[in-house]
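Participant: sequence and predicted structure are below.
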Amino acid sequence: MIKLIATDLDGTFLTKEHTYDKTLFAKVLDKCEDRGILFTVASGRPMLSVQRLFSDVLSRIAIIAENGSVVSYKGKVISEHFMSPEQYLAVAEQLENLSDCHGYLLSGRVGAYAPLNTRDVYFNRVSEFYEKTQKMDLTQITDDIYKLTAQFSDDLILEHSRALTDKNPSLSAVVTGFGGMDIILDGITKATGLEDLCHFLGLNVSEVIAFGDNFNDAEMLSFAGTAVATANAREGIKEIADKVIGSCEDGAVLTYLEGMLNE
């Protein structure tokens, strides 16, 4: 019996316009609570961004944000992991030396921070996903930092993710979609966040169903008792999924959950 639903956002739960059917979601969430099922968002987005998208139901859901670096249950943080200044400043220097890096940002507990030389086109785009974004001297950051996020051309991003991971053994660079990459602590993934949540709630992995579309969802899908990929998912993600459903553009996750909860 399913007791926990975990879904990625971009490319999975949300459309390309970053929207979802709020009326249908309200019905699905009510049915989840009636059956004792916890709805969980599992995203590479920062906690503040996810909280904004689900501001009306924060006391009813769980959130795994920053690709597993921080986990909250009904508004209470139950686990979090931070990079050291030495780690994120070293990666920042490496990104500065990559000519095809369109920009990068440090995501923290309080806000998000871009270097002073960040181009406005990147800064404005990334500010749609990150809250309280500002340009500053990165050596002056006093916030706790969960990760770095960077933007590359999609055809080169896998090569860069491997190279950055090799250069920084204590970190891992994961592809998040749409040319995006997150650099986080090695060993921290959406799966570790989901494991923390299951341990906190006393749930077995067989009671978990997870939805995803990209490489940063791989560990979570492999961890879950049931793994579901959207039709627009990368082929490698479809291969590890138990089921492949419709596209994120068609609201396939909510449609699937509605059918599952009506059985």
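Facilitator: Cool, got the structure.

Participant: direction included, what does the worst-scoring helix or strand of the chain on mean pLDDT pair against?
Facilitator: Least confident element among the helices and strands of the chain, by mean pLDDT, DSSP states H and E: strand 171-177 (a mean of 88). With DSSP bridges as the test, strand 171-177 is paired with strand 180-185 (antiparallel).

Participant: strand 171-177 and the following helix or strand past the strand it pairs with, what's the angle between them?
Facilitator: For strand 180-185, the succeeding helix or strand toward the C-terminus, using DSSP states H and E, is helix 190-201. Orientation check (axes from the mean of the first three to the mean of the last three CA atoms, to 10 degrees): helix 190-201 against strand 171-177 gives 100 degrees.

Participant: as a whole number, average confidence for helix 190-201?
Facilitator: Here helix 190-201 scores 97 as its mean pLDDT.

Participant: tell me the gap between it and the middle of its chain.
Facilitator: 14 Å (CA atoms, centre = their mean, to the nearest Å).

Participant: quick check: next helix or strand after it?
Facilitator: strand 208-212.

Participant: domains for this structure, by residue range?
Facilitator: 4-80+188-261, 85-185 (automatic domain parsing).

Participant: how far is the shortest one from where the chain is centred?
Facilitator: When distances are taken as CA atoms, centre = their mean, domain 85-185 is centred 14 Å away from the chain's centroid.

Participant: now the first one
Facilitator: Its chain's average C-alpha position is 9 Å from that of domain 4-80+188-261, according to CA atoms, centre = their mean.

Participant: including mean neighbour count, could the domains of the chain go into TSV?
Facilitator: Where you see a C-beta, it was placed from the backbone N, CA and C, and this is true even at glycine. Formatted as TSV, the domains of the chain follow (neighbours: other CB atoms under 10 Å):
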stretch	mean neighbour count
domain 4-80+188-261	20
domain 85-185	17
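
Participant: list of residues touching the least confident helix or strand of the chain?
Facilitator: With contact meaning CB atoms under 8 Å, 6 or more residues apart in numbering, strand 171-177 is reached by 10-11, 44, 67, 83, 87, 91, 149, 157-158, 160-162, 164-165, 181-189, 213-216.

Participant: how about 7 Å then?
Facilitator: 10-11, 44, 67, 87, 91, 157-158, 161, 164-165, 181-186, 214-216 (CB atoms under 7 Å, 6 or more residues apart in numbering).

Participant: if we ignore the residues flanking it in sequence, what's nearest Gly11?
Facilitator: Closest residue to Gly11 in three dimensions, ignoring its sequence neighbours and counting by CB to CB, 6 or more residues apart in numbering: Asp213, at 4.0 Å.

Participant: mind listing what that neighbour touches?
Facilitator: The contact partners of Asp213, taken as CB under 7 Å, 6+ apart, are 8, 11-12, 229-230, 232-234, 237, 248.

Participant: show me those residues that map onto helices.
Facilitator: In helices, judged by DSSP state H, the following of the contacts of Asp213 are found: Ile237.
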